[in-house]
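*Asks:* Only the shape, not the letters, is given here:
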């Protein structure tokens, strides 16, 4: 049995709308009640904002519960798709995102932005590029009728790699772009927002499966996911409201900034998908593997990127702003790519059974 959702929820289908409404609500609340927003931003110790930390855990924990790490035993069944996924996610995507960031914010957009903020915008792009999708790829896979076992296996493997590779890659790229690397904050963020939710998800799955048949365990897991999923929704929207509440004046004073940030994100998303999808076509990968293997590289683990950006650079930083714009851009882009993939299904060999 698979944990891939059987139908896309209204929230997932209209995620861009909810995020846009959250942005508007945040800007309005930040303008009307600036003192309250600043008070929430000040609830921190060291580099960790407690309010944001709780919200991020609400977002990430339900996703980690959905990942079945036992699927790693079946990695050998879809080797081509995994080779493409791992190559794109870890050897190409972070570096291409950093390159686009430097190109646009240090050169092409240099006259349109405050030069003092260029490094922040590049850092936000790097954080997005180094965090491949964990949860929403289940939705994109389901919409393209992707292989459920393969999707679970690729997400599980990427989560394992992320624990060890995310911090070094981010540190390397920040260093190359001459941005100071706060190693302690970076490692703390990985521990808080990847390792702890990952362990909590594993423990939850083990407890739900203890002493019962696989079928009963699957049913218990589905019921549990249905109960905790609203936490993920509320966590995401509350984080967006809080972030834009604190940055509301920046947005109002620079309305073109969001569009500028979206440009490299759009180029990266469509470019990465084209690369992975073309590789799958040339390698004759079946469609039900080709589609999800291209989707996971295109989509981002924006929850992690938002959390780390806030922890490393602050709630009102340009880096945090970029990661939230990534949420706004990603969903319409991914839905357009789902439609394209479904129309080009005939390019690939028949799907595996």
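*Replies:* On my side now, so go ahead. It should be emphasised that the depicted structure is a prediction, and the values quoted were computed from it without experimental measurement. Numbers count the residues shown, from 1 in each chain.
*Asks:* Surely residue 129 touches residue 92?
*Replies:* No - using Cβ atoms under 8 Å as the test, residue 129 is too far from residue 92 to be in contact (9.5 Å). C-beta: built from backbone N, CA, C; applies to glycine.
*Asks:* and the two? which has more neighbours close in?
*Replies:* Each of residue 129 and residue 92 has its neighbours counted (other Cβ atoms under 10 Å); residue 129 has more, 29 against 16.
*Asks:* which residues touch the more buried one?
*Replies:* Shown in contact with residue 129 (Cβ atoms under 8 Å, 6 or more residues apart in numbering): 93, 94, 95, 96, 97, 98, 173, 268, 300.
*Asks:* now that we have those residues, which one has the most neighbours?
*Replies:* Using other Cβ under 10 Å as the neighbour criterion, residue 300 leads the contacts of residue 129 with 29 neighbours.
*Asks:* Pull up the gap between that one and residue 90, please.
*Replies:* 14 Å (Cβ to Cβ, to the nearest Å).
*Asks:* what residues do these two have in common as contacts?
*Replies:* residue 132.
*Asks:* Need the per-residue pLDDT for residue 250.
*Replies:* Here, the pLDDT recorded for residue 250 equals 69.
*Asks:* cool, residue 247 as well?
*Replies:* So, for residue 247, pLDDT stands at 69.
*Asks:* Now residue 201: which helix or strand?
*Replies:* In this structure, residue 201 sits in helix 196-209 according to DSSP states H and E.
*Asks:* residues of that helix that come out buried?
*Replies:* By neighbour count on 16 or more other Cβ atoms under 10 Å, the buried set for helix 196-209 is 197, 198, 201, 204, 205, 208, 209.
*Asks:* Out of those residues, which comes closest to residue 262?
*Replies:* Minimum separation from residue 262 among these (Cβ to Cβ) is found for residue 197, which lies at 28.3 Å.
*Asks:* Now do the contacts for that closest one.
*Replies:* Counted by Cβ under 8 Å, 6+ apart, residue 197 has contacts 57, 60, 61, 63, 64.
*Asks:* what would these look like in a markdown table with pLDDT and secondary structure?
*Replies:* Converted to a markdown table, the contacts of residue 197 look like this (pLDDT from 0 to 100; DSSP: H, G, I helix; E, B strand; the rest coil):
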| residue | pLDDT | secondary structure |
| --- | --- | --- |
| 57 | 83 | helix |
| 60 | 75 | helix |
| 61 | 82 | helix |
| 63 | 71 | helix |
| 64 | 77 | helix |
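*Asks:* Let's see if you can find the most crowded of those residues.
*Replies:* Counting neighbours by other Cβ under 10 Å, residue 60 leads the contacts of residue 197 with 28 neighbours.
*Asks:* So the nearest residue to that one once chain neighbours are set aside versus residue 284, what's the distance?
*Replies:* Nearest non-adjacent residue to residue 60, counting by Cβ to Cβ, 6 or more residues apart in numbering: residue 197, 4.3 Å away. Residue 197 sits 37 Å away from residue 284, going by Cβ to Cβ.
*Asks:* tell me the angle the longest helix seen in the chain makes with helix 196-209.
*Replies:* As assigned by DSSP state H, the longest helix anywhere in the chain is helix 214-253. Helix 214-253 runs at 150 degrees relative to helix 196-209, counting by axes from the mean of the first three to the mean of the last three Cα atoms, to 10 degrees.
*Asks:* what helices or strands is helix 214-253 leaning on?
*Replies:* helix 15-32, helix 34-41, helix 50-65, helix 196-209, helix 256-282, helix 302-313, helix 318-343 (3 or more Cβ pairs under 8 Å, 6 or more residues apart in numbering; DSSP states H and E).
*Asks:* Now do the longest one against helix 318-343, angle only.
*Replies:* It refers to helix 256-282. Using the same axes, to 10 degrees: helix 256-282 against helix 318-343 is 40 degrees.
*Asks:* cool, the first one as well?
*Replies:* Interaxial angle of helix 15-32 relative to helix 318-343 (the same axes, to 10 degrees): 160 degrees.
*Asks:* What is the nearest of the contacts of residue 129 to residue 81?
*Replies:* Closest approach between these and residue 81, by Cβ to Cβ: residue 93, at 15.9 Å.
*Asks:* before we move on, back to that, which of the helices and strands packed on helix 214-253 sits most buried?
*Replies:* By mean neighbour count, with neighbours taken as mean count of other Cβ atoms under 10 Å, helix 302-313 ranks first of the helices and strands packed on helix 214-253 at a mean of 28.
*Asks:* Please state the offset of stretch 233-253 from the chain centre?
*Replies:* In terms of Cα atoms, centre = their mean, to the nearest Å, the centre of stretch 233-253 is set 17 Å apart from its chain centre.
*Asks:* Check which residues of it are buried.
*Replies:* 233, 235-248, 250-251.
*Asks:* can you list contacts of that stretch?
*Replies:* Residues outside stretch 233-253 that contact it (Cβ under 8 Å, 6+ apart): 11, 18-19, 22-23, 25-31, 37-38, 40-41, 51-52, 54-59, 257-258, 303, 306, 310, 315-316, 320-321, 324, 327.
*Asks:* repeat for stretch 301-310
*Replies:* Counting by Cβ under 8 Å, 6+ apart, 49, 52-53, 56, 59-60, 63, 123-124, 127-128, 130-135, 162, 166, 170, 186, 189-190, 192-194, 236, 239, 243, 317, 319-320, 322-324, 326-327, 330 sit against stretch 301-310.
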